[in-house]
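*Asks:* Following is a predicted model, sequence given first.
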Amino acid sequence: MPGSDNPAPDAASAGDGKSLGVILIVLAAASLGLLANHPSAPARTFAELLRNEAADQTLDGVVHGGLIVVVAVQLACLANVSMRMRRRRAWAVAGLVMASAGAGFLMLSMLLDGLLTPALAALYVDKLDRQNDARPLFALIGMLVRFLMPAGLLFQATSLVCWGGPLVGDSGLRRGTGWFGIVTGILVAAAVVTTAGRVTHVLIGALVAIAAWYALLGVALLRDRVG
């Protein structure tokens, strides 16, 4: 409407895209900072494991709780980006669904490993006569995390490959972001499968690589409209 103070739809859409870009970059930086502070004290005995987990309860809660929030907000941003796609939207929707499944597995893994495990350790660390009662619980949680984390990373890797579909057809940084997602997704999936998800450094490396893709997507949104 002539004389209206409301911004044009394209200008508003571009502004929203830049906001999403900033959020994604901040989230990627936050996830890298949290991963860098992940507790990793080795334990030779079950009693030592309980002491370490109990001592790191606050840090574990901050790191894993923070990562849960990061994954949730990243998913919200990805949903907004998928709604902005005008071409090859089916690939973007597939990427969003894969990311959602991966986020669910990852958040459950982080909840069990970073919040429940330290809480149980703090409960049993001073009860020397009952520590053996906790062994089955820790074994069960460890087994669940051993499957949940790799499954989450595989779905996230598939999401990156799917997002390559709508992005590689663009130009410049958007095309680079698409190819980076495809290559990173394939490499992450291959690394997780070949190590059966049992090598901690591989899992952490996969999370770092995925965070880098989200940061690159954020930069692409800042520089130009994706869609």
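*Replies:* Sure thing, it's come through. Numbers count the residues shown, from 1 in each chain.
*Asks:* Give me the pLDDT value at residue 5.
*Replies:* At residue 5 the predicted local distance difference test score is 43.
*Asks:* count of neighbours near residue 176?
*Replies:* Residue 176 is surrounded by 16 other residues when neighbours are defined as other Cβ atoms under 10 Å. In short, each C-beta sits where N, CA and C put it, glycine included.
*Asks:* no no, residue 219
*Replies:* 17.
*Asks:* helix/strand/coil for it?
*Replies:* helix (DSSP: H, G, I helix; E, B strand; the rest coil).
*Asks:* That one reaches residue 172, doesn't it?
*Replies:* No - here residue 219 does not reach residue 172: they are 11.0 Å apart, not a contact under Cβ atoms under 8 Å.
*Asks:* OK, contacts around residue 118?
*Replies:* By Cβ atoms under 8 Å, 6 or more residues apart in numbering, the residues touching residue 118 are 53, 54, 56, 57, 60, 61.
*Asks:* cool, and residue 169?
*Replies:* Counting by Cβ under 8 Å, 6+ apart, the residues that residue 169 touches are 87, 88, 175, 178.
*Asks:* do the same with residue 24
*Replies:* Taking Cβ under 8 Å, 6+ apart as the criterion, residue 24 is in contact with 74, 77, 214, 215, 217, 218, 221.
*Asks:* Without its sequence neighbours, what residue ends up closest to the third one?
*Replies:* The one in question is residue 214. Closest residue in space to residue 214, ignoring its immediate chain neighbours: residue 28 at 4.8 Å, by Cβ to Cβ, 6 or more residues apart in numbering.
*Asks:* what about the residue nearest the centre of the chain, which helix or strand?
*Replies:* Taking Cα atoms, centre = their mean, the centroid of the chain lies closest to residue 71, which sits 4.7 Å from it. Under DSSP states H and E, the secondary-structure element containing residue 71 is helix 57-84.
*Asks:* of all the contacts of residue 169, which comes closest to residue 119?
*Replies:* Using Cβ to Cβ, residue 178 is the member of the contacts of residue 169 that lies nearest residue 119, at 41.6 Å.
*Asks:* surely the closest one meets residue 163?
*Replies:* Yes - under the criterion of Cβ under 8 Å, residue 178 lies in contact with residue 163, with a separation of 6.9 Å.
*Asks:* Which one's more surrounded, those two?
*Replies:* residue 163 (31 against 25).
*Asks:* Might you report the residue contacts of that one?
*Replies:* With the criterion set at Cβ under 8 Å, 6+ apart, residue 163 makes contact with 91, 92, 95, 178, 181, 217.
*Asks:* Cross the contacts of residue 169 against strands and list the overlap.
*Replies:* Secondary structure assignment (DSSP state E) places none of the contacts of residue 169 within strands.
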